[in-house]
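Student: What would the 3D arrangement of this be:
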Amino acid sequence: MSRAVFQRLREEKSTFRDSEEKAADYILGHAGEVVNLPITELAERIGVSEATIVRMCKKIGFRGFQELKINLAIETVSPIQAVHEEISEGDDVGLIMKKLVSANVHTLEATLDVLSEADLRLAVERLSEARAIQLYGVGGSGPVALDAAHKLMKTGKPVTAYTDSHMQAMAAALVEPGDVVVGISHSGSSRDIIDALAIAKARKATTIGITRYARTPMDKVLDIKLGTSSYETLYRMESTSSRIAQLVIVDALFIGICLRDPERAVQNIRVTREAIAPKRF
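Tutor: Numbers count the residues shown, from 1 in each chain. Okay, here's the model as predicted:
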């Protein structure tokens with residue numbers, strides 16, 4: 001069995017640079033907090049660079065901060081919390097349902113508090129004026145990108161969702177000024193999404209992110225950030241509450257676009273419904 005994170009940090013501290021030792025001390029003293037933080041916010045709290053944290057992680061045998069954080073969570077968090085923070089092992093299915101509904105309601109209320117209305121309006125404006133729209137999501141955020149494409153296609157604009165990282169990079173390399181690219185990632189640390197958004201931004205497309213409201217690496221490649229808030233931690237195996245918040249933001253964007261040209265929106269919705277009517281009994 002490999003050495004625990006705490007053991008690795010303590011044993012290797014003598015080999016660290018001063019900034020790396022500072023990062024190690026902070027992690028040792030705030031482990032429960034660290035498992036919930038994206039690297040950008042952690043670096044700001046410690047007062048070191050993101051590169052320092054990554055370098056320190058590699059020195060103790062991890063590929064990066066995310067791997068260290070997952071292993072740190074194993075040491076500090078009960079196994080069931082990797083599924084959902086509010087659930088206890090003895091809960092029956094009825095109590096689980098109540099807890100999930102409560103957690104989702106809290107997430108939506110918290111998201112309402114942190115989401116910038118000005119940024120939401122600006123996102124609606126840019127999407128309404130877009131020549132074409134692309135949506136990127138991987139893992140649990142992939143279905144949200146597909147849901148967004150399903151709705152936004154009814155605006156009559158060319159809309160495509162990509163859930164494959166290679167396709168995202170290739171599609172981003174072909175965008176033009178006037179296009180809008182939306183990246184979806186709860187953690188804001190997905191390298192694939194960030195890389196694709198960076199390509200799109202370099203080509204002068206507008207980049208919008210639906211992501212965690214706290215500071216994340218994704219912020220650096222965004223023109224507009226639509227922040228979500230949820231209790232769920234960043235080491236979780238499956239996202240739940242964050243996905244609900246993402247879907248609600250997608251709905252708000254779609255309805256906002258429709259309200260800018262209600263007659264066209266109603267016509268497009270009617271036409272699309274008529275197209276699929278024969279597919280139902």
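Student: all strands of the stretch 1-150 of the chain, in order?
Tutor: 133-137 (DSSP state E, counting those that start in this stretch).
Student: And the stretch 151-281 of the chain, by the same measure?
Tutor: Ranges of strands in the stretch 151-281 of the chain, per DSSP E, counting those that start in this stretch, are 159-162, 180-185, 206-212, 224-228.
Student: So residue 185 is in contact with residue 193, correct?
Tutor: Yes - Residue 185 lies in contact with residue 193 (CB atoms under 8 Å); the separation is 4.9 Å. C-betas here are computed from N, CA, C, even on glycine.
Student: got any residues that touch both of those two?
Tutor: Residues touching both residue 185 and residue 193 (CB atoms under 8 Å, 6 or more residues apart in numbering) are 137-138, 141, 218.
Student: Save these as JSON lines, and put in pLDDT too.
Tutor: Output for the shared contacts of residue 185 and residue 193, formatted as JSON lines (pLDDT from 0 to 100):
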{"residue": "137", "pLDDT": "97"}
{"residue": "138", "pLDDT": "94"}
{"residue": "141", "pLDDT": "92"}
{"residue": "218", "pLDDT": "95"}
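Student: Closest one of these to residue 121?
Tutor: Taking CB to CB as the measure, residue 121 sits nearest to residue 218 out of those, at 20.8 Å.
Student: Look up the closest residue to the closest one, ignoring the ones flanking it.
Tutor: Excluding its sequence neighbours, the residue lying closest to residue 218 (CB to CB, 6 or more residues apart in numbering) is residue 188, at 3.9 Å.
Student: Check which residues of the longest helix seen in the chain are buried.
Tutor: In the chain, taking DSSP state H as the definition, the longest helix is helix 93-114. Buried residues in helix 93-114, counted by 16 or more other CB atoms under 10 Å: 99-100, 103-104, 107-108, 110-111.
Student: Next, the angle from it to strand 224-228.
Tutor: Helix 93-114 and strand 224-228 are oriented at 140 degrees to each other (axes from the mean of the first three to the mean of the last three CA atoms, to 10 degrees).
Student: what's helix 93-114 packed up against?
Tutor: strand 224-228, helix 241-260 (3 or more CB pairs under 8 Å, 6 or more residues apart in numbering; DSSP states H and E).
Student: most tightly surrounded among the ones you listed?
Tutor: Ranked by mean neighbour count, the helices and strands packed on helix 93-114 are led by strand 224-228 with a mean of 23 (mean count of other CB atoms under 10 Å).
Student: What is it packed up against?
Tutor: helix 93-114, helix 117-129, strand 206-212, helix 241-260.
Student: let's go with 6 Å and repeat that
Tutor: helix 117-129, strand 206-212, helix 241-260 (3 or more CB pairs under 6 Å, 6 or more residues apart in numbering; DSSP states H and E).
Student: starting at the chain centroid, how far to the longest one?
Tutor: In this case it means helix 241-260. 15 Å (CA atoms, centre = their mean, to the nearest Å).
Student: With just CA atoms, put it into PDB.
Tutor: Provided in PDB are the C-alpha atoms of helix 241-260 (Å, rounded to 0.1, in the frame of the first residue of the first chain):
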ATOM      1  CA  SER A 241     -26.500  19.100  -6.900                       C
ATOM      2  CA  SER A 242     -24.100  20.900  -9.300                       C
ATOM      3  CA  ARG A 243     -25.800  19.300 -12.300                       C
ATOM      4  CA  ILE A 244     -29.200  20.600 -11.100                       C
ATOM      5  CA  ALA A 245     -27.800  24.100 -10.900                       C
ATOM      6  CA  GLN A 246     -26.200  23.800 -14.300                       C
ATOM      7  CA  LEU A 247     -29.400  22.700 -15.900                       C
ATOM      8  CA  VAL A 248     -31.300  25.600 -14.400                       C
ATOM      9  CA  ILE A 249     -28.800  28.100 -15.700                       C
ATOM     10  CA  VAL A 250     -29.200  26.500 -19.200                       C
ATOM     11  CA  ASP A 251     -33.000  26.900 -18.900                       C
ATOM     12  CA  ALA A 252     -32.600  30.500 -17.900                       C
ATOM     13  CA  LEU A 253     -30.300  31.200 -20.900                       C
ATOM     14  CA  PHE A 254     -32.800  29.500 -23.300                       C
ATOM     15  CA  ILE A 255     -35.800  31.400 -22.000                       C
ATOM     16  CA  GLY A 256     -33.800  34.600 -21.900                       C
ATOM     17  CA  ILE A 257     -33.000  34.200 -25.600                       C
ATOM     18  CA  CYS A 258     -36.600  33.300 -26.400                       C
ATOM     19  CA  LEU A 259     -37.800  36.500 -24.800                       C
ATOM     20  CA  ARG A 260     -35.700  38.600 -27.000                       C
END
